[in-house]
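Trainee: Sequence and predicted model, in that order:
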Amino acid sequence: MNGVHDMGGMHGFGPVLPEADEPLFHHDWEARALAITLAMAGWKRWNLDVSRHARERSDPADYLRNSYYERWIDGLGRLMVEQGLLTEREWATMQPDPAAPRQTPPIRPQDVPALLDRGGPTARSEGQPAGFAVGQRVRARNINPVGHTRLPRYVRGHVGTIMLDHGPHVFADDHAHFRGENPQHLYNVRFEAAELWGADAAFRGDVRVDLWESHLESA
Amino acid sequence: MNGVHDMGGMHGFGPVLPEADEPLFHHDWEARALAITLAMAGWKRWNLDVSRHARERSDPADYLRNSYYERWIDGLGRLMVEQGLLTEREWATMQPDPAAPRQTPPIRPQDVPALLDRGGPTARSEGQPAGFAVGQRVRARNINPVGHTRLPRYVRGHVGTIMLDHGPHVFADDHAHFRGENPQHLYNVRFEAAELWGADAAFRGDVRVDLWESHLESA
Amino acid sequence: MSTHHHDHHHDHDHGHDHQEPPSDAALRVKALETLLTAKGLVDPAALDAYIDYYETKVGPRNGAKVVARAWTDPAYRRRLLEDATAAIAEFDIRGRQGEHMVAVENGPKLHNLVVCTLCSCYPWPVLGLPPVWYKSDAYRSRAVIDPRGVLGDFGLVLDDDVEIRVWDSTAEIRYLVIPERPAGTEGLDEAQLAALVSRDSMIGTAKVTAP
Amino acid sequence: MSTHHHDHHHDHDHGHDHQEPPSDAALRVKALETLLTAKGLVDPAALDAYIDYYETKVGPRNGAKVVARAWTDPAYRRRLLEDATAAIAEFDIRGRQGEHMVAVENGPKLHNLVVCTLCSCYPWPVLGLPPVWYKSDAYRSRAVIDPRGVLGDFGLVLDDDVEIRVWDSTAEIRYLVIPERPAGTEGLDEAQLAALVSRDSMIGTAKVTAP
């Protein structure tokens, strides 16, 4: 989707503000929000791509005003309701509905480190054959889906060069909509700054973007 | 600037909500906000393009959450302070500073209808010669200025056809930055839906956009 | 996060908070008017004059007169399509945000729709001040990428073979849609026809229907 | 409108509201944890375990060890550039948001910078959880169009002839920048070198300087 989350190249957000000796969390609730989000993913009612898309579907004004973990909780609420872990009323009132179905058991403390150490690799040994080769010129397709895509607006229509072939990976654009993994080659593509930004390019160099087979066409 | 105001083609803002028998203003303050904005323009410390850019420079989160006339007032405050009609402190506190310079006289009631009837035409009898002709294929330039532009992101890099030549008009991108009128030909350019949106184009037809000479190059 | 406990003024898509106490915006604009008046920068009577102008002098009845004339007078229709600014001025209609007009005509296989994606440009002298939906982010974003979806929000479904032409008002040219004259109106005079022409039909989000 | 009287929680760029009473967000997350616990959907002890993992097991010291090894062991450097995931796993560093790693090396005429424009992807196992600035809209928007301006916000000014290479983490590949080893560190051992390597230098918003 062409959402406000797709921020590459936007102006108007002001300077970057580094913080000296920044704590890991600024508030306790941020740590709890992180942990709740990770723990709820353990129910496997969604995957990481689904959850990214859930955050993108926040009201655009809310998305911009919310802090990072607020965005997470907003997306999580949407997912829990859509995937049947909470009722709409429970999410709205934060009160348990005794009539709601009960899931069990939750993620156990002793399982957490191993779960995190394992992560969720997206590389797959098999997938569609590679359509492009390293060194080849490609154009990022001009797609504008209403749903999730990992092809940012700022590279669409632009020509670049394949720099790396990461091999077959789960295709996020499909995976985010429960359409399966559809593994296909993931490439790192170099786009020259002047190609992306024209004469207004404020630097000499390039931007390297990871794009899937479906995002590219021959240039 | 690539701001959140440049909304063409964005997703996520929900359905359009027509209102039956909508009043001209929903609140009295909206009428006053309109009138204040128009009256303050009478000081001629800025032009319409400058004021559009002032609204675009609102904090993006504020821009999205604000209603239409709130956006106006936010931009107006920025302009009044920048152009010396109010001090920063006056704008922040809404209290007059007796030490601030006093301007006079304001727009008079009896002059208002004629001022509005006259408007502010932007056509100019002279300007740069026309570089393009009706029927010609052109490409919208890939520009990404930090300042004001009336070339929306969604047509940049795309190829269209000149449909109308409106003649020389004040060039908004310069005028918004007090760089003079720089009159140049303004064209209406047709972009086919499939050219703009690719296979995701949800309609058969085209979008027609008014663009200045400086926005275009031969295709 | 705030989806369920909005504490902000979030009515930009409709503005239905009539019953509430004075909003922050109301208090702020009042304070601003007081400040600017105290500084001699505005005359409250002049503010009244601006409001009166838009409450009484301009509005969609202006555009409706133009459309009805175009429907009934072929020579006027030609002049309107040739030079809308001049043809509209024949009605003594002119002014701010209508300095440079272009009229575009709907037909059985062509539907025009007007938007301003960058702000909310709108032909004030012929249509008055724009409705909230025209200024909404939803309309501004979607009209150029999914105009049929937008028309659907208005309950307007066009045949598949109708071409859509969207006019994005990116400069100071303002567009007036001349809707199709509905069948069954042959017996109506110009004033009766004008009464049928809605604001939305001149933006392109509605058709005109016979009474 | 709200520029001067923000009533909303607007700390997404820094989050400095330590002195304030519990925010809406704090109350809401607390209520959510209570609800999910009551429903058997989470075990609060498991939440503690997640937090403990990120407070104690992962963090930029992990990445610094990798960088120091690469600086001091040419064979390791080659393995790291060839297959970063495997080379990093030699330190028993692996896991969520670091499943597929690529290491990119700065040089006198090349500077790498990592961003995620679409969300905030970041190599958690080697760098820990991302700082607020990395997740900020300002960084996400500007890093790909004005990386030199962004570096300037960090006080880092590169010579004009240095090429900038920005890595936008759009998929599940995570990038680790190997900063340049500063001059004057020839006498330091691997642990001493690791102590010099800052988090920001492994994202690309800082250089490593000699002690």
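Mentor: Arrived safely.

Trainee: so what's the closest residue to C:A38 other than its chain neighbours up against?
Mentor: Nearest non-adjacent residue to C:A38, counting by Cβ to Cβ, 6 or more residues apart in numbering or on different chains: B:P96, 4.7 Å away. Yep, even glycine has a C-beta here, placed from its N, CA and C like the rest. By Cβ atoms under 8 Å, 6 or more residues apart in numbering or on different chains, the residues touching B:P96 are B:E90, C:L35, C:A38, C:K39.

Trainee: Tell me which stretches of chain C form strands.
Mentor: Per DSSP state E, chain C has strands spanning C:100-105, C:110-115, C:163-168, C:173-178. These are given in chain order.

Trainee: Revised request: answer the last question for chain A.
Mentor: So, for chain A - with DSSP E - the strands run A:137-140, A:159-169, A:184-192, A:205-212, A:216-218.

Trainee: buried ones in the shortest one?
Mentor: Taking 16 or more other Cβ atoms under 10 Å in any protein chain shown as the neighbour-count basis, strand A:216-218 is seen to contain the buried residues A:L216.

Trainee: now swap in the second one and tell me
Mentor: By neighbour count, with 16+ other Cβ under 10 Å as the criterion, the buried positions of strand A:159-169 are A:G160, A:T161, A:I162, A:H166, A:G167, A:P168, A:H169.

Trainee: re the thing from before, narrow the contacts of B:P96 to those that are buried.
Mentor: For the contacts of B:P96, buried by 16+ other Cβ under 10 Å: B:E90, C:L35, C:K39.

Trainee: thinking again about what came up before, got the strands of chain C as a markdown table, with distance to C:R148, mean pLDDT and mean neighbour count columns?
Mentor: A markdown table is the format used below for those (distance: least, Cβ to Cβ, whole Å; pLDDT from 0 to 100; neighbours: other Cβ atoms under 10 Å in any protein chain shown):
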| stretch | distance to C:R148 | mean pLDDT | mean neighbour count |
| --- | --- | --- | --- |
| strand C:100-105 | 18 | 98 | 21 |
| strand C:110-115 | 9 | 98 | 24 |
| strand C:163-168 | 7 | 98 | 23 |
| strand C:173-178 | 16 | 98 | 25 |
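
Trainee: So for chain D, which of the strands of chain A sits nearest?
Mentor: Each of those was scored for nearness to chain D using Cβ to the nearest Cβ, and the closest is strand A:205-212 (3.6 Å).

Trainee: Keeping just the C-alphas, turn that closest one into CSV.
Mentor: Output in CSV follows, covering the C-alpha atoms of strand A:205-212 (Å, rounded to 0.1, in the frame of the first residue of the first chain):
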residue,chain,number,x,y,z
GLY,A,205,26.6,7.4,-4.3
ASP,A,206,23.7,5.0,-4.4
VAL,A,207,20.9,3.3,-2.5
ARG,A,208,20.8,-0.5,-2.3
VAL,A,209,17.5,-2.1,-1.9
ASP,A,210,16.5,-5.7,-1.4
LEU,A,211,13.8,-6.6,-3.9
TRP,A,212,12.1,-9.8,-5.0
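
Trainee: Is that strand positioned near chain B?
Mentor: No. Residues of strand A:205-212 are not located near chain B by Cβ under 8 Å from any Cβ of the partner chain, the shortest gap being 12.9 Å.

Trainee: partners of that strand in the sheet?
Mentor: strand A:184-192 (antiparallel), strand D:163-168 (parallel) (DSSP bridges).

Trainee: Please work out which residues outside that strand touch it.
Mentor: A:140, A:150-152, A:155, A:160, A:163, A:166, A:169, A:171-173, A:184-193, A:196, D:144, D:147, D:163-171, D:173.
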